[in-house]
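>>> after the sequence you'll find the predicted model.
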Amino acid sequence: MTLTPVKLSRPASVTDAFLNQLVARVPGSGATWALTEVYTGDVLVELPQSTPADIERAFAVAREAQRKWAATPVKQRLAVFKRAHTLFVDRARAIADLIQVESGKNRRMAIEETCDPPMVMSHYLKRAAKLLAPVKRGGPVPLVTSSTEVRRPKGVVGIIAPWNFPFATGVSDAIPALMAGNAVVLKPDNKTALSPLYGVRLLEEAGLPEGLFQVVCGEGPDVGPALIDRADYVMFTGSTATGKVIGERAGRNLIGCCLELGGKNPMIVLEDADIGEAVRGAVFGAFGNTGQICMHVERIYLPESRYDEFKTAFVAAASALDVRAAYDFGPEMGSLVSVDHMRRVKSHVDDAVAKGATVLCGGKPRPDLGPAFFEPTILEGVTKDMLCGVTETFGPVVALHTYRTVDEAVELANDTDYGLNASIWSTDVPAARALAARIESGNVNVNDILATAFAAKGTPSGGIKNSGVGARHGDQGLLKYTDGQNLAVLKKQVMGPRPGQGYEKYVESMLSGLKTLRKLRLR
């Protein structure tokens, strides 16, 4: 069968000159990678590929800039991000153009992604000065000793960003690191390097010193080791398999790392849930960003009494979705990021069908819409001997399951090596909150899929089990990019026996002093 290629004009803002300006800042020693428009497969620009020598030079430039930046008062550093907040909001549509062109996601999701860095900026503009200020604490002996907690930047932070939210992760994860006084060397995915490159340009337009935020490009195995070996801290978002490799290498280098990894996220619908609302939530949870969200839903657990009601409504809603390539706000779902990834998603569905699963809707690629399109797909009869039964599919594919009791639902939801996100739906919020305490997951949303948790920038967001180590957001999301220094002062020499005092007498007074300090709640 011969299919007519998609005819689509790219956004007017995405000119060849603009793209060439963006990629010109990437250090590369000859080799390039063809970065394509996902909707059409057309080459957009040749992206330079960085060699280990290029990466070494990028770190050298970043370290030189970081020394000056760390010495800049916090108030002046934060002023850059006050200006950047305005720029990012004002340029949101141009940013969304780049996100769509490089990732193939629908425009609704692209514009939402542009909002993440300003939200992160806004939160830390309120918290950073307090978090980074020295905190004086008591020493071991009242009045004559003191201890001050001083926060020092790590140095140069290496960030390895994924392709599913290149702007949100590539830029948002860098913001608290920069506020804390660090430099950043970012490695975006080759497929989605344009929007983070534009984010760096906007930060520099807001006053971020040139050289402080470097971008290097290349395939992970080629670039990753050189980046990790030179970084003072690593932030990674991606697969569990790659995260384990990065964590091991960081450990060998005795540097810290934060890893947000894969998930096989469950949604539990309780018997008293509003099915209409739960279906709307499930549509976003399964098919938002074409299923390419780390926190999206791949398993839905339904009470037997409401299974058919939910299934009928959910299949109808998924089948009615507007799926197509367009640079306007019409489509409700866009493309997968690449043909290779589409084939991986298809392999999961084909494996499930071959082993007995039933396709309730979807299940097929849509090359008539674009090279990497895949239909919204709902399965039932999925078991743990199927790829999509245990492994993250990361596409618009979701499986429906039944349960008899709430205890069984909890057991099924927790029956996974992952623990990134979970969703519970009920009209009885106190009961849902109690159930959430039994779910093994770093994030649990009640009557929402993921946005309430992820958009709550004041609360740490991360995974447990094989879904990661550490968290972004919250105080932890900034403090992880710092080292704590204990500055201790002894005003008078009282930390030992007085002249002429026997050690036994000194021990007696020391132990007596410990009891007195505890009784008076001084220490």
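Perfect, I can see it now.

>>> off-centre distance for the helix or strand hosting Asp222?
Using DSSP states H and E, Asp222 falls within helix 220-230. Centroid separation for helix 220-230 versus its chain: 20 Å, with CA atoms, centre = their mean, to the nearest Å.

>>> list the buried residues for it?
220, 223-224, 226-230 (16 or more other CB atoms under 10 Å). All C-beta spots, glycine's among them, are computed from the backbone N, C-alpha and C.

>>> repeat for stretch 367-381
So for stretch 367-381, counting by 16+ other CB under 10 Å, buried means 367, 369-381.

>>> show me which residues of stretch 202-212 are buried.
Going by neighbour count (16+ other CB under 10 Å), the buried part of stretch 202-212 is 202-204, 206, 208-209, 211-212.

>>> so Ala471 makes contact with Cys258?
Yes: using CB atoms under 8 Å, Ala471 makes contact with Cys258 at a distance of 7.0 Å.

>>> higher neighbour count, the two?
Cys258 (24 against 18; other CB atoms under 10 Å).

>>> residues near the residue nearest to the more buried one when sequence neighbours are not counted, how many?
Spatial nearest neighbour of Cys258, chain neighbours left out: Gly470 (3.5 Å); criterion: CB to CB, 6 or more residues apart in numbering. Neighbours of Gly470 under the rule other CB under 10 Å: 17.

>>> same question, the one 4 residues further on
Other residues within reach of Gly474 by the criterion other CB under 10 Å amount to 19.

>>> count of residues packed around Phe492?
Check again: residue 492 is Lys, not Phe. 9.

>>> who's in contact with the closest residue to it other than its chain neighbours?
With sequence-adjacent residues excluded and distances taken as CB to CB, 6+ apart, Lys492 is closest to Val144, at 4.5 Å. Val144 sits next to 490-492, 494 when contact means CB atoms under 8 Å, 6 or more residues apart in numbering.

>>> narrow these to those in strands?
Within the contacts of Val144, residues falling in strands by DSSP state E are Leu490.

>>> Serialize the contacts of Val144 to JSON lines and add fields for distance to Val315 and pLDDT.
What follows is those, written out as JSON lines (distance: CB to CB, whole Å; pLDDT from 0 to 100):
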{"residue": "Leu490", "distance to Val315": "72", "pLDDT": "93"}
{"residue": "Lys491", "distance to Val315": "74", "pLDDT": "91"}
{"residue": "Lys492", "distance to Val315": "77", "pLDDT": "89"}
{"residue": "Val494", "distance to Val315": "76", "pLDDT": "86"}
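
>>> could you pull out the helices for the stretch 151-300 of the chain?
Counting by DSSP state H, counting those that start in this stretch, the stretch 151-300 of the chain has helices at residues 166-172, 174-179, 194-205, 220-230, 240-252, 275-287.

>>> out of those, nearest to Asn20?
helix 194-205 (11.0 Å; CB to CB).

>>> just give me the neighbour total for the nearest residue in space to Leu203 that is not next to it in sequence.
Counting by CB to CB, 6+ apart, Leu203 lies nearest to Ala84, which is 5.4 Å off, once chain neighbours are set aside. Counted by other CB under 10 Å, the residues lying close to Ala84 total 25.

>>> OK, contacts around the closest residue to Gly276 other than its chain neighbours?
Once flanking residues are discounted, Gly276 sits nearest to Ala313: 7.2 Å by CB to CB, 6+ apart. For Ala313, the contact set (CB under 8 Å, 6+ apart) comprises 275-276, 279.

>>> report the buried members of those residues.
By 16+ other CB under 10 Å, the contacts of Ala313 give 275, 279 as buried.

>>> quick one: which of the buried residues of stretch 367-381 sit in strands?
Short answer: those in strands (DSSP E) are 377-380.

>>> hmm, back to that, pretty sure the residue nearest to Cys258 contacts Leu261?
No: assessed by CB under 8 Å, Gly470 is found out of contact with Leu261, at 10.6 Å.

>>> still on that earlier bit, quick one: closest of the helices of the stretch 151-300 of the chain to Leu387.
helix 240-252 (14.4 Å).

>>> so how far is the closest one off the chain centroid?
Taking CA atoms, centre = their mean, one finds the center of helix 240-252 at 17 Å from the center of the full chain.

>>> buried residues, that helix. List them.
Across helix 240-252, burial judged by 16+ other CB under 10 Å covers 240, 242-243, 245-247, 249-250.

>>> check which helices and strands that helix sits against.
Packing partners of helix 240-252 (3 or more CB pairs under 8 Å, 6 or more residues apart in numbering; DSSP states H and E): helix 220-230, strand 233-237, strand 256-260, strand 468-469.

>>> got the angle between the helix holding Asp222 and strand 233-237?
150 degrees (axes from the mean of the first three to the mean of the last three CA atoms, to 10 degrees).

>>> and the contacts of helix 220-230?
49-50, 52, 55-56, 59, 156, 158, 160, 185, 187, 216-217, 234, 242, 245-246, 249-250, 253, 255.

>>> how many neighbours does the residue lying closest to Ser305 once chain neighbours are set aside have?
Distance criterion CB to CB, 6+ apart; nearest residue to Ser305, sequence neighbours excluded, is Glu271 at 6.2 Å. Glu271 has 13 neighbouring residues, counting by other CB under 10 Å.
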